[in-house]
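S.K.: Test case, fold it:
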Amino acid sequence: MRKSEAHGYRAASNAADERLRLDYEDYLRNQRGLSEKTVYDCWRFADRFLQFRFKGKARDLSRIVPADIARFMQHLISRGKPFRDK
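M.R.: Numbers count the residues shown, from 1 in each chain. Coordinates of the predicted model:
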């Protein structure tokens, strides 16, 4: 892949990620009535899962299966120390 193609993919990926984040935050605020702090915390957790699941590859949400979530939760538990987003 040429360098320009990689940057084009990254830009498209970032735009898709931003749309996903905005839609998810909108859902949490308007449908669930959550506070801004909770919305932020929920997105951080979801983003960490997506990073864990796709490891820098294209994020195809249709490929997520329940076992991916179980592996992510096992990964968090096996770390020993609690996650802090500060």
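S.K.: use CA for all of it now, contacts and neighbours both
M.R.: Will do.
S.K.: how about the helices of the protein, start to end?
M.R.: Using DSSP state H, the helices of the chain run over 3-30, 36-54, 66-78.
S.K.: In this protein, what helix or strand scores lowest on average pLDDT?
M.R.: Ranking every helix and strand in the chain by mean pLDDT, DSSP states H and E puts helix 3-30 at the bottom, with a mean of 74.
S.K.: one step back: export the helices of the chain to JSON lines and tack on mean neighbour count?
M.R.: Listed next are these as JSON lines, based on neighbours: other CA atoms under 10 Å:
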{"stretch": "helix 3-30", "mean neighbour count": "13"}
{"stretch": "helix 36-54", "mean neighbour count": "15"}
{"stretch": "helix 66-78", "mean neighbour count": "12"}
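S.K.: how about these in CSV, adding distance to residue 60?
M.R.: Putting those into CSV (distance: least, CA to CA, whole Å) gives the following:
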stretch, distance to residue 60
helix 3-30, 10
helix 36-54, 8
helix 66-78, 13
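S.K.: Tell me who's in contact with the spatially most central residue of the chain.
M.R.: Central residue of the chain (CA atoms, centre = their mean): residue 47, 2.1 Å from the mean position. Contact analysis of residue 47 by CA atoms under 8 Å, 6 or more residues apart in numbering lists nothing.
S.K.: Would you quantify the distance from it to residue 17?
M.R.: As defined by CA to CA, to the nearest Å, residue 47 lies at a distance of 9 Å from residue 17.
S.K.: again with residue 31
M.R.: Note on residue 31: its distance to residue 17, by CA to CA, is 20 Å.
S.K.: ditto for residue 30
M.R.: For residue 30, the distance to residue 17 equals 20 Å [CA to CA].
S.K.: ditto for residue 50
M.R.: Residue 50 sits 10 Å away from residue 17, going by CA to CA.
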